[in-house]
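**Student:** Any chance you can model this:
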Amino acid sequence: MTGGAASAAPASPGGWQETGTSYVNSLTGSQGLASRADGGLLHRGLGSIPLDLRAKGWGHIGDPDIADGHTFDAYQGGDSARSKMFAVTTPDGKRHLYEHRLDAGEKLNNSFAAVSPDARWLVSGEWGDQHRLQVFPAPLLNPSTPPAGGALPQAGQITLDKPVRDIQGCDFASATRLVCASNDASKELFPVDRPVLQVDLERPLDGQPVTGRVTSLFAAPQRSVCSGTFETEGVDYDAARRTLRVEVVPPVPCLVTTAVYAYKPTTG
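**Tutor:** Next up, the predicted model:
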């Protein structure tokens, strides 16, 4: 269902106008979302993890992405994990697993999967305070990767000009721009609580190191009849329909339903 209060929502400082709110079951939709070519939405929650992958220790699924009809899911293991995993599901339903052994100093977190518009590079991120986003060749779609699953090494990372904290999801708005959702409530790094951020790259990803300039767009909404701690989760940009969506999980006991806020750009 869609909310009707969008007309009263002011334009954000980042140039985005809130246009509506929808709601999904948190069990299958609180961890992330991705837009399909037909405009439909793919949702992911902890209940979305297949039993065979859960049995292998992959107990957390992140914010997904869709590229060329392929679905990319980011999986994370437990506290003792020594690797992270990306699962790619082809348009005909075949699933291939790509595992990345952690490099020196790399955190085990695998919060999201974001595929570049040319479908050649996959961006992901770690938890906590970070000065980078990780870049991998896009499994299956980048010809440098094994054709049916296997090892996945890092490519040149994105070095950020300022630190970010607790990034839950990112998506490409263009070849040189990502929009990311942060769960940082401290206001130490940015002036708003749980900021939606913009990362502008010096050039499109090419597998070599690249720098990114970080700016704060607006605060993710925290609206609920329940009071307490909110959690920002996935983010998606539907380029064909110029629609940005941000997920926010409300406090207990309302957390059984996740809010999905939709935005349109105010210019351009």
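
**Student:** For the stretch 151-268 of the chain, give me the ranges with low pLDDT.
**Tutor:** 268 (pLDDT under 70).

**Student:** And the strands in it?
**Tutor:** Secondary structure of the stretch 151-268 of the chain (DSSP state E, counting those that start in this stretch): strands located at 158-165, 167-174, 177-182, 195-201, 210-219, 231-238, 243-249, 257-265.

**Student:** Let me know the angle separating the shortest one from strand 243-249.
**Tutor:** Translated: strand 177-182. Calculated by axes from the mean of the first three to the mean of the last three Cα atoms, to 10 degrees, strand 177-182 forms an angle of 20 degrees with strand 243-249.

**Student:** Counting by contacts, list what strand 177-182 packs against.
**Tutor:** On a contact count with 3 or more Cβ pairs under 8 Å, 6 or more residues apart in numbering; DSSP states H and E, strand 177-182 meets strand 158-165, strand 167-174, strand 195-201, strand 231-238, strand 243-249. C-beta: built from backbone N, CA, C; applies to glycine.

**Student:** then it to CSV, C-alphas only?
**Tutor:** Taking Å, rounded to 0.1, in the frame of the first residue of the first chain, the C-alpha atoms of strand 177-182 are listed here in CSV:
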residue,chain,number,x,y,z
ARG,A,177,27.4,8.3,-8.6
LEU,A,178,26.2,6.0,-5.9
VAL,A,179,23.5,6.6,-3.3
CYS,A,180,24.0,4.9,0.0
ALA,A,181,22.0,4.4,3.2
SER,A,182,23.8,4.8,6.6
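
**Student:** That strand: partners in the sheet, and parallel or antiparallel?
**Tutor:** Using DSSP bridges, the strands paired with strand 177-182 in its sheet are strand 167-174 (antiparallel), strand 195-201 (antiparallel).

**Student:** All set, thanks.
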